[in-house]
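# Below is the sequence, then the predicted model.
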Amino acid sequence: MRSQQAQERPRWPVSVDEYAAFRKNGFLVVHNLVGQDEVEELRSHTEDLMQGRLPQQSRQMAQRDPRGDGAISIQDLEAPPAHLSPDEKAQFFLRIHMLHRKLELHERYLLHPRILDVLEVLIGPDVLALQSMLFLKPAGKPGQGWHQDSYYIPTLPDTLCGAWIAIDDADEINGAMWMAKGSQVEPIYPPSEVAGYGDRLIAGIPSVSGVSEPADELNDLSPIANKYDQVLVPAKAGDVVFFGGHILHRSKKNFSPDRCRRSFVGHYCNARSFTQWGMDTSDPVHGATTIDRETGMTNGSHVLARGDTHLPFGMPRFGTPCAALLPPEERRRLSDASAAMMGDMDSGVMSKSRGGSGTRKE
């Protein structure tokens, strides 16, 4: 399945070796997927955001996040406190969530067509865009300890995949990501606290605490990560790192004296997966209708990026081209009908017929 937008330009190719590497290792680095002009746009945007220069930053925060790590996650886009110096403003933010619901640029990069090309191959052909995060991570900011993304964003069936766009070159000095290579075969370990999701039906699975805690001795996922080869995943600006929801990954402190490690991260799942995560309470049009009151399903809060689905989905706020904007008949027309191998009960000969047709070819 592919959207009309995907058909009007050359698709980004994903090779057999890349597909196999993603399945084997749990992650894949696609080099130069985002153009350098786009990288410059993201850099300029983040500079303005850190200094509070965006038109949407009409309000200022009164004080730093009480946790003291600058990890400010906001729905309303606010500016750093006015009394801070430019250097202090640059240090104010660490990460900001869900700005695709506030800013056209963030929606556009969440629905970047070449990223969706890769996702169609890895988790598609139907792709739902769930979350955007902007990591600024200036010099000296902490990393994030071992964690699994599906712990935070459950999808059923579990098809979660992240796409991490490097805005700056990322290396060991300024806090690039680390992956526990091959750990995507692990279940999602359930929390001993209230928050978080886990595969509790697996017999004997231990619960964990301290998930995402940078100090290994405080993070119960560290012994599990230690069973695997832990590899640094350096990335050049414009590279995109794709990684599944089960793989254990982390980042470390930005040890650089003067370099940021900025990245734009999107999270996606197959659009036919059910989720109860991320209701869009800020939707001025649909409001509470983005959650199913009987099931708690929040698929209606998230944007159908590619393909089609039998489940609800949301629309892009700023009109970024994607499958959600196509009429239903067009989505169906552009969808490749599934083909099923059917066996003739009399002769035993196998042949191919259209799925759902109710017929059998002999």
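Noted; the coordinates are in hand. Numbers count the residues shown, from 1 in each chain.

# And stretch 129-140, end to end?
Stretch 129-140 has an end-to-end distance of 31 Å (C-alpha to C-alpha, to the nearest Å).

# tell me the mean pLDDT for stretch 326-343?
Regarding stretch 326-343, the rounded mean pLDDT is 72.

# again with stretch 134-142
The average pLDDT for stretch 134-142 rounds to 94.

# Now do the end-to-end distance for that stretch.
One end of stretch 134-142 sits 15 Å from the other (C-alpha to C-alpha).

# residues making contact with it?
46, 49-50, 69-70, 90-91, 93-96, 99, 106, 174-175, 214, 251, 253-254, 256-265 (C-beta atoms under 8 Å, 6 or more residues apart in numbering). Placement of C-beta: from N, CA and C, glycine included.

# can you check stretch 318-327 too?
Here stretch 318-327 has contacts from 3-5, 104, 107-108, 110-111, 113, 116, 127, 129, 303-308, 313-316, 331, 334, using C-beta under 8 Å, 6+ apart.

# Would you mind giving the domain segments of this structure?
Per the record, the chain has its domains at 4-326, 329-362, by automatic domain parsing.

# how about those in a markdown table, adding mean neighbour count?
Formatted as a markdown table, the domains of the chain follow (neighbours: other C-beta atoms under 10 Å):
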| stretch | mean neighbour count |
| --- | --- |
| domain 4-326 | 18 |
| domain 329-362 | 11 |
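
# Out of those, name the one with the poorest average pLDDT.
domain 329-362 - the lowest mean pLDDT of those, at a mean of 59.

# Now do the SS call for residue 188.
coil (DSSP: H, G, I helix; E, B strand; the rest coil).

# Spit out the contact partners of it.
148, 150, 151, 154, 158, 197, 198, 199, 245, 246.

# now residue 170
176, 177, 234, 235, 261, 263.

# Which members of the residues you listed are the farthest-apart pair?
234 and 263 (12.6 Å; C-beta to C-beta).

# Nearest residue to the middle of this structure?
residue 267 (1.4 Å; C-alpha atoms, centre = their mean).

# Surely it is in a helix?
No: going by three-state DSSP, the assignment for residue 267 is strand, not a helix.

# Kindly provide the distance from the residue nearest to it when sequence neighbours are not counted to residue 183.
The shortest distance from residue 267 to any non-neighbouring residue, by C-beta to C-beta, 6 or more residues apart in numbering, is to residue 131 (4.1 Å). When distance is defined by C-beta to C-beta, to the nearest Å, residue 131 is 21 Å away from residue 183.

# got it, and residue 27?
For residue 27, the distance to residue 183 - C-beta to C-beta - is 10 Å.

# who touches both of the two?
Each of residue 247 lies in contact with both residue 27 and residue 183 under the rule C-beta under 8 Å, 6+ apart.

# Now do the contacts for the spatially closest residue to residue 262 that is not a sequence neighbour.
Spatially, and ignoring its direct neighbours in sequence, residue 262 is nearest to residue 167 (3.8 Å; C-beta to C-beta, 6+ apart). Neighbouring residues of residue 167 by C-beta under 8 Å, 6+ apart: 39, 42, 43, 46, 237, 262, 263, 264.

# Contacts only, for the third one.
Residue 43 makes contacts with 167, 168, 262, as judged by C-beta under 8 Å, 6+ apart.

# That one falls within a helix, correct?
Yes: judged by three-state DSSP, residue 43 forms part of a helix.

# Do you have the helices of the stretch 151-300 of the chain handy? List them.
Taking DSSP state H, counting those that start in this stretch, the helices of the stretch 151-300 of the chain run over residues 222-225.

# returning to that earlier point: can you put the contacts of residue 170 in CSV and add distance to residue 209?
Formatted as CSV, those follow (distance: C-beta to C-beta, whole Å):
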residue, distance to residue 209
176, 26
177, 23
234, 31
235, 30
261, 27
263, 27
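
# Closest one to residue 86 out of those residues, please.
Distances from residue 86 to those, taken by C-beta to C-beta, are shortest for residue 261, at 19.0 Å.

# secondary structure class for residue 96?
strand.

# can you pull out the strands in the protein?
Counting by DSSP state E, one finds strands in the chain at the ranges 27-30, 95-97, 127-135, 161-166, 177-181, 229-233, 240-244, 249-251, 263-270, 303-306, 339-343, 350-354.

# do you know which of those strands lies nearest residue 210?
strand 249-251 (12.3 Å).

# which secondary structure elements does the closest one contact?
strand 177-181 (3 or more C-beta pairs under 8 Å, 6 or more residues apart in numbering; DSSP states H and E).

# And residue 210, how far from residue 216?
Where residue 216 is concerned, residue 210 sits at a distance of 9 Å (C-beta to C-beta).

# My error: substitute residue 87 in the last question.
31 Å.

# Could you do residue 28 as well?
On the measure of C-beta to C-beta, residue 28 and residue 216 end up 26 Å apart.
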